[in-house]
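Student: Mind looking at a prediction? Sequence and model below.
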Amino acid sequence: MATNPKDPAKVAVVVQPGYVLLDVAVPQQVFGRWPDWVTACWPGGAPYELTLVSAVPAEDSLVPREVEPLDRLDTADTVIVAGVQDPTESPDAELVERLHDAYNRGSRMVSICTGAFALAAAGILDGRSATTHWRWAGLLRDRHPSVKVREAELYVEDTGVFTSAGVLAGTDLCLHLLRLDHGQAAANTMARFLVSPPHREGGQAQFIEHIPPSGDSEITDVITWILEHLDEPLTLESVSRHSHMSTRTLRRRFRAVTGASVMNWVAMQRVACARELLETTRLGIDDIAHRCGFGSAESLRIHFTAMTRTSPSGYRRTFAS
């Protein structure tokens, strides 16, 4: 949507006993608790109205005190099921029924981490591809064999149903939803507020073996340099020369930090650059292609369509301000 609807979209975050705190806090921040300078980016005010809901009464110490009854799902445009620490226990029967009803009414259904187990119990993931935390992917597959579990991915979208991997991948999914609703510039604004790295696409790996210590300053410098030179021809070899690393070392360390190969990450950032220029400027497709480093309008169209499932001109019609 290019502009805010007159009434904010209603987002309901489902909280279950044993919930993962970050799985609740992230959607609260992205869709609810906005500071004034972020809200100011939307002339009509914040575009979402967020509610926490639970089958457990607010008086119960197992859930936050501000939770409301499950009947709030009846009017939710988006339902986000937060994860739980131990998904081996079956979700609440009333919750499962309410999730099924919300899906049948046309609500956008989302899960973070092990919240996928509740969506699966409601039959919403039957025949669909989905992900969850890699540790519990086998259990999800065994318990719900009709779900096509893709444990290697950060988040998965399958015909309007969204699932994410563990904890931090929920941030990527929430920013993706914000981008779908209000465009790249909106997602960038929220990412800056969250002090989050550039958005990671859902196809990236959620679990990387031999993860290096956090704060790899050399790779951070490489990322900064790439973003400052997106409009220039970039190759693995040219990035390697700048980094003073061998291509093999660069590939290994870059993937460990970003979850993507160097050139795939470059392509994703170029598409993100093109999205923002399509939204916020009147530049022609050729100009945008060169400013973002694609070299030609045809190259831009190929990469853009592959990553967004729409053409640059179609994207501009949807999101241009």
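Tutor: That came through, no problem. Residues are numbered from 1 along each chain as shown.
Student: Against R291, how distant is L283?
Tutor: Distance of L283 to R291, computed by C-beta to C-beta, to the nearest Å: 7 Å. Yep, even glycine has a C-beta here, placed from its N, CA and C like the rest.
Student: again with G127
Tutor: Taken as C-beta to C-beta, the span from G127 to R291 is 42 Å.
Student: could you point out which element follows the helix or strand harbouring R251?
Tutor: Take DSSP states H and E as the rule and R251 turns out to sit in helix 247-258. Moving toward the C-terminus from helix 247-258, the first helix or strand encountered (DSSP H and E) is helix 262-280.
Student: which element follows that next one toward the C-terminus?
Tutor: Going down the chain from helix 262-280, the next helix or strand is helix 285-291, by DSSP H and E.
Student: quick one on the thing from earlier: between G127 and R291, which one's more packed in?
Tutor: Shown here are G127 and R291; by other C-beta atoms under 10 Å, R291 has more neighbours (16 against 10).
Student: Does the more buried one touch C273 like I think?
Tutor: Yes: using C-beta atoms under 8 Å, R291 is in contact with C273, at 7.3 Å.
Student: Which parts of the protein are helices?
Tutor: 21-31, 36-39, 93-105, 116-121, 137-143, 168-182, 184-194, 217-228, 236-243, 247-258, 262-280, 285-291, 297-308, 312-319 (DSSP state H).
Student: which of these is buried the deepest?
Tutor: Most buried of the helices of the chain by mean neighbour count (mean count of other C-beta atoms under 10 Å) is helix 116-121; its value is a mean of 27.
Student: now for it, which elements pack on it?
Tutor: Judged by 3 or more C-beta pairs under 8 Å, 6 or more residues apart in numbering; DSSP states H and E, the packing partners of helix 116-121 are strand 78-81, helix 93-105, strand 108-111, strand 129-130, helix 137-143, strand 161-164.
Student: as a whole number, average confidence for it?
Tutor: Averaging pLDDT along helix 116-121 gives 98.
Student: Over to stretch 72-91?
Tutor: Averaged over stretch 72-91, pLDDT sits at 95.
Student: about what we covered before: which residues do L283 and R291 both contact?
Tutor: Common neighbours of L283 and R291, counting by C-beta atoms under 8 Å, 6 or more residues apart in numbering, are L277.
Student: returning to what we had before: quick one: the helices of the chain as JSON lines, columns for distance to A12 too.
Tutor: Below are the helices of the chain laid out as JSON lines (distance: least, C-beta to C-beta, whole Å):
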{"stretch": "helix 21-31", "distance to A12": "10"}
{"stretch": "helix 36-39", "distance to A12": "20"}
{"stretch": "helix 93-105", "distance to A12": "8"}
{"stretch": "helix 116-121", "distance to A12": "13"}
{"stretch": "helix 137-143", "distance to A12": "23"}
{"stretch": "helix 168-182", "distance to A12": "14"}
{"stretch": "helix 184-194", "distance to A12": "19"}
{"stretch": "helix 217-228", "distance to A12": "36"}
{"stretch": "helix 236-243", "distance to A12": "43"}
{"stretch": "helix 247-258", "distance to A12": "32"}
{"stretch": "helix 262-280", "distance to A12": "28"}
{"stretch": "helix 285-291", "distance to A12": "37"}
{"stretch": "helix 297-308", "distance to A12": "27"}
{"stretch": "helix 312-319", "distance to A12": "25"}
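Student: Quick check: which of these is nearest to G160?
Tutor: Comparison of the helices of the chain against G160 by C-beta to C-beta identifies helix 93-105 as nearest, at 9.4 Å.
Student: can I get the CA coordinates of stretch 180-199 in CSV?
Tutor: The C-alpha coordinates for stretch 180-199 follow below in CSV (Å, rounded to 0.1, in the frame of the first residue of the first chain):
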residue,chain,number,x,y,z
LEU,A,180,5.4,-5.3,1.8
ASP,A,181,2.8,-3.0,3.4
HIS,A,182,4.6,0.4,3.1
GLY,A,183,7.7,0.0,1.0
GLN,A,184,11.5,-0.1,1.3
ALA,A,185,11.8,3.4,2.8
ALA,A,186,9.5,2.6,5.6
ALA,A,187,11.4,-0.6,6.4
ASN,A,188,14.7,1.3,6.2
THR,A,189,13.4,3.8,8.7
MET,A,190,12.4,1.1,11.1
ALA,A,191,15.6,-0.8,10.7
ARG,A,192,17.5,2.4,11.6
PHE,A,193,15.4,2.8,14.7
LEU,A,194,16.1,-0.8,15.7
VAL,A,195,19.8,-0.3,14.9
SER,A,196,19.4,-3.4,12.7
PRO,A,197,21.7,-4.4,9.8
PRO,A,198,20.3,-4.2,6.3
HIS,A,199,17.3,-6.4,5.7
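Student: Understood, closing this out.
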